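Chemist: Mind folding the following:
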Amino acid sequence: MKEGSMLEVAFKALQNAGEPMKFTDLWATVKEELEITPEEEEFRLGHFYTDLSLNGSRFVVLTDNTWDLRSRHTYDAVHINVDDVYTEIQESDEDATDKEEDRKYNESVNGAVSSSEEEGASEFEEGEESKPISGKELLGIKDEPEQY
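Modeler: Residues are numbered from 1 along each chain as shown. Below you'll find the model as predicted:
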């Protein structure tokens with residue numbers, strides 16, 4: 001693996017492309033440039049995505065996990081007003097299911113055991129275990145390139 005900053009490589013790749021890039025293409029460029037091995041990829045992929053997301057002064061995410069340089073976009077074009085996304089929920093809008101979920105959550109936080117836990121209920125069938133999700137799977141990266 002070559003030494004270097006994944007963000008610097010991504011910045012140069014977006015500059016050279018002259019247009020937005022899908023995250024998978026951006027990651028492929030970073031991997032190739034820095035010669036990231038498959039063993040390192042799982043660890044570094046999550047760090048890259050997090051660093052890219054947190055570096056809002058240089059990078060911006062557009063639709064469909066497409067990324068571009070922040071300098072190419074006006075604030076109004078990429079800013080998301082959270083008031084448009086989240087609305088205040090009125091208590092009168094809560095139904096019985098919401099209230100039951102709140103009760104179970106509050107009991108779990110306060111150390112009480114809910115009735116489903118007492119009975120040994122589980123999200124999984126007997127003998128079934130939860131499977132950890134890989135960083136690639138979480139970000140929608142496939143091991144094989146798509147055929148067009």
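
Chemist: Does anything pack onto the longest helix anywhere in the chain? Which helices or strands?
Modeler: For the chain, the helix that runs over the most residues, judged by DSSP state H, is helix 38-54. Contacts defined by 3 or more C-beta pairs under 8 Å, 6 or more residues apart in numbering; DSSP states H and E place helix 38-54 against helix 6-17, helix 23-34, strand 59-61, helix 135-139. (Each C-beta comes from the backbone N, C-alpha and C, glycine too.)

Chemist: Pairing partners for the helix or strand just after the third one, with directions?
Modeler: Counting by DSSP states H and E, the element after strand 59-61 in chain order, helix or strand, is strand 66-69. Next to strand 66-69 in the sheet, as set by DSSP bridges, lie strand 21-22 (antiparallel), strand 59-61 (antiparallel).

Chemist: ok, and what's touching the first one?
Modeler: Contact partners of strand 21-22, identified using C-beta atoms under 8 Å, 6 or more residues apart in numbering, comprise 13, 14, 29, 64, 65, 66, 67, 68.

Chemist: ok, the nearest residue to residue 11 once chain neighbours are set aside - how many residues close by?
Modeler: Using C-beta to C-beta, 6 or more residues apart in numbering and skipping residues adjacent in sequence, the residue nearest residue 11 is residue 58, 6.1 Å away. Neighbourhood size, residue 58 [other C-beta atoms under 10 Å]: 14.
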